[in-house]
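>>> Following is a predicted model, sequence given first.
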Amino acid sequence: MAKEQEKKASVEAVYMEKRVFEPTKEFVEKARIKSLAEYKKMYDRSLKDPSGFWGDMATEMIDWFKKWMGRSKNTASRTTSTSAISWAAS
């Protein structure tokens, strides 16, 4: 029986791994983003309002020596999967 369970739990091919490994309670408590739902909400906002989203992230997550000026210049392209965000300090 143990051999059968071990075989079912083993990784046969990395690119075909289908198991989901939930984080531990301790890990979640220390995480900046607490859930997949919270991540998806942030991700959706980053697509719908990139300047507002990244402006809030810059204010909340970075200690600035000199406050950045205005919002950002976002040159994201959904067709080519490239993105660049630049900030200007005042």
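Yep, it's here. Residues are numbered from 1 along each chain as shown.

>>> Phi, psi for residue 63 please.
When read as degrees, to the nearest 10, the backbone of residue 63 gives phi -90, psi 110.

>>> Residue 23: neighbour count?
Neighbourhood size, residue 23 [other CB atoms under 10 Å]: 12. No exception for glycine: its C-beta is placed from N, CA and C like everyone else's.

>>> Let's verify it: helix, strand, or coil?
With DSSP: H, G, I helix; E, B strand; the rest coil as the basis, residue 23 sits in coil.

>>> Count the residues that sit near the nearest residue to it once chain neighbours are set aside.
Excluding the flanking residues, the one nearest residue 23 by CB to CB, 6 or more residues apart in numbering is residue 31, at 7.2 Å. Burial of residue 31 is recorded as 12 neighbouring residues (other CB under 10 Å).

>>> Residue numbering should commence at 355 henceforth.
With 355 as the first residue, the last one maps to residue 385.

>>> Look up how far residue 420 lies from residue 385.
Look at residue 385 and residue 420: by CB to CB, to the nearest Å, they are 30 Å apart.
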